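Give me coordinates for this.
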Amino acid sequence: MGLDILCLGEPMMEFNQQPDGSYRAGHGGDTANCAVAAARQGARVGMLTQLGKDAFGESFLNLWRAEGVDISAVRQLPDAHTGIYFVTHGPDGHEFSYLRAGSAASRMGPADLPDQALTSARILHVSGISQAISTSAADAVFAAIERVRSAGGLVSYDSNLRLKLWPLDRARAVIHAAMAQCDIALPGMDDAQLLTGLTDPEAIADFYLHLGAKVVALTLGADGSLVATPDRRERVAGRKVRAVDATGAGDTYDGAFLARVAAGDDPFAAARYANAAAALATQNYGAIEPMPRREAVEVFLAAVD
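I've put the predicted structure just below:
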């Protein structure tokens, strides 16, 4: 049986600043976070990536085994390292600093893609970061999208714009070229404003529908999300919690949303579930550790509905 969701991108070791100023080690990387979030909701999930043959790479393999994420499409390179990043927190939110140049994942190109994993996946999930890390990685994403679509699968794309990785003009060109071939668009509001030049959520949803997506789920932070299809749209309210760290909230939303779509939910029901999962993921520090499991999300939804 094929995977519900195959996530392609770069896993990165995370060092997250704590209230006392120390840094706590954890696992991160947007599509890798999405994979764990989706697996915790009960989806059959796999990673497609390259890791260094180092302690950080082994740590990811151990994490994915423990979380039930398929690793048959993961390669380890003996001559490259696994990327790392730091998260610092301040009055204006959290800030990322990366040490990823020359990482194993950045060396991935179209020739490294495994056909079996791509042609058997129901949904391929990729992101702007998946393409920003190198030219060859950007090409790999385009090739993966083509193979999945030719096999009848769906493509999900989170814009995840990181201007520390590439200039806006190139990011816009590459991201929108990829999103023109996606079925599910998962942009964040801040990213979408920069990429489209628009400020109104409704206009942004229209932009990505006209670009080619069948479903747009525009995340609005604590305000929830705007979900749009060609014949319906709905503002799905956010869930109120005491948030301490939003590092993994967007990736949790993606994973929970895709898991519910794979389970048969319509995108509006999937967004209500994903909003709740993302809210719960902000109640502790780090990307992976606070991600809720399905049972916790269902209890939370039952309590607030």
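
in stretch 8-20, what's buried?
Residues of stretch 8-20 classed as buried by neighbour count (16 or more other CB atoms under 10 Å): Leu8, Gly9, Glu10, Pro11, Met12, Met13, Glu14, Phe15, Asn16, Gln17. Where C-beta positions appear, they are placed from N, C-alpha and C, glycine not excepted.

Switch those residues over to JSON lines; also include distance to Leu154.
JSON lines is the format used below for those (distance: CB to CB, whole Å):
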{"residue": "Leu8", "distance to Leu154": "14"}
{"residue": "Gly9", "distance to Leu154": "17"}
{"residue": "Glu10", "distance to Leu154": "22"}
{"residue": "Pro11", "distance to Leu154": "23"}
{"residue": "Met12", "distance to Leu154": "26"}
{"residue": "Met13", "distance to Leu154": "30"}
{"residue": "Glu14", "distance to Leu154": "29"}
{"residue": "Phe15", "distance to Leu154": "34"}
{"residue": "Asn16", "distance to Leu154": "32"}
{"residue": "Gln17", "distance to Leu154": "37"}
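
From those residues, which one has the minimum pLDDT?
Least confident of the buried residues of stretch 8-20 in the model: Asn16, at 83.

what secondary structure does Ala213 sit in?
coil (DSSP: H, G, I helix; E, B strand; the rest coil).

if I pick the nearest residue to it once chain neighbours are set aside, what's in contact with it?
Leaving aside its chain neighbours, Ala213 sits nearest to Ala185 (3.9 Å; criterion: CB to CB, 6 or more residues apart in numbering). For Ala185, the contacting residues are Tyr157, Ser159, Met179, Tyr208, Leu211, Ala213, Val215, Val216, Ala217, by CB atoms under 8 Å, 6 or more residues apart in numbering.

and those as JSON lines, adding pLDDT, distance to Phe142 and neighbour count?
Formatted as JSON lines, the contacts of Ala185 follow (pLDDT from 0 to 100; distance: CB to CB, whole Å; neighbours: other CB atoms under 10 Å):
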{"residue": "Tyr157", "pLDDT": "99", "distance to Phe142": "11", "neighbour count": "29"}
{"residue": "Ser159", "pLDDT": "98", "distance to Phe142": "16", "neighbour count": "26"}
{"residue": "Met179", "pLDDT": "98", "distance to Phe142": "12", "neighbour count": "26"}
{"residue": "Tyr208", "pLDDT": "99", "distance to Phe142": "18", "neighbour count": "27"}
{"residue": "Leu211", "pLDDT": "98", "distance to Phe142": "15", "neighbour count": "16"}
{"residue": "Ala213", "pLDDT": "99", "distance to Phe142": "16", "neighbour count": "26"}
{"residue": "Val215", "pLDDT": "99", "distance to Phe142": "21", "neighbour count": "24"}
{"residue": "Val216", "pLDDT": "99", "distance to Phe142": "21", "neighbour count": "28"}
{"residue": "Ala217", "pLDDT": "99", "distance to Phe142": "22", "neighbour count": "29"}
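
Redo those residues as TSV? Include distance to Ser127.
As requested, the contacts of Ala185 are exported to TSV (distance: CB to CB, whole Å):
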residue	distance to Ser127
Tyr157	7
Ser159	7
Met179	10
Tyr208	14
Leu211	16
Ala213	14
Val215	16
Val216	15
Ala217	14
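
what's the closest of these to Asp254?
Nearest to Asp254 among those: Ala217, at 8.7 Å, using CB to CB.

is the closest one in a bridge, and if so with what?
Val227 (DSSP bridges).

Does it touch Ser225 like I think?
Yes: with contact defined as CB atoms under 8 Å, Ala217 reaches Ser225; the gap is 5.4 Å.

anything in contact with each of these two?
With CB under 8 Å, 6+ apart as the test, Ala217 and Ser225 both reach Tyr253, Ala271, Ala274.

Just the buried positions in the helix or strand of the chain with the lowest mean pLDDT, please.
Least confident helix or strand, the chain: strand 93-99 with a mean of 81, by mean pLDDT, DSSP states H and E. For strand 93-99, the neighbour count (16+ other CB under 10 Å) marks Tyr98 as buried.

Show me what that strand pairs with in its sheet, parallel or antiparallel.
When DSSP bridges is applied, strand 93-99 pairs with strand 83-90 (antiparallel).

No further questions, thank you.
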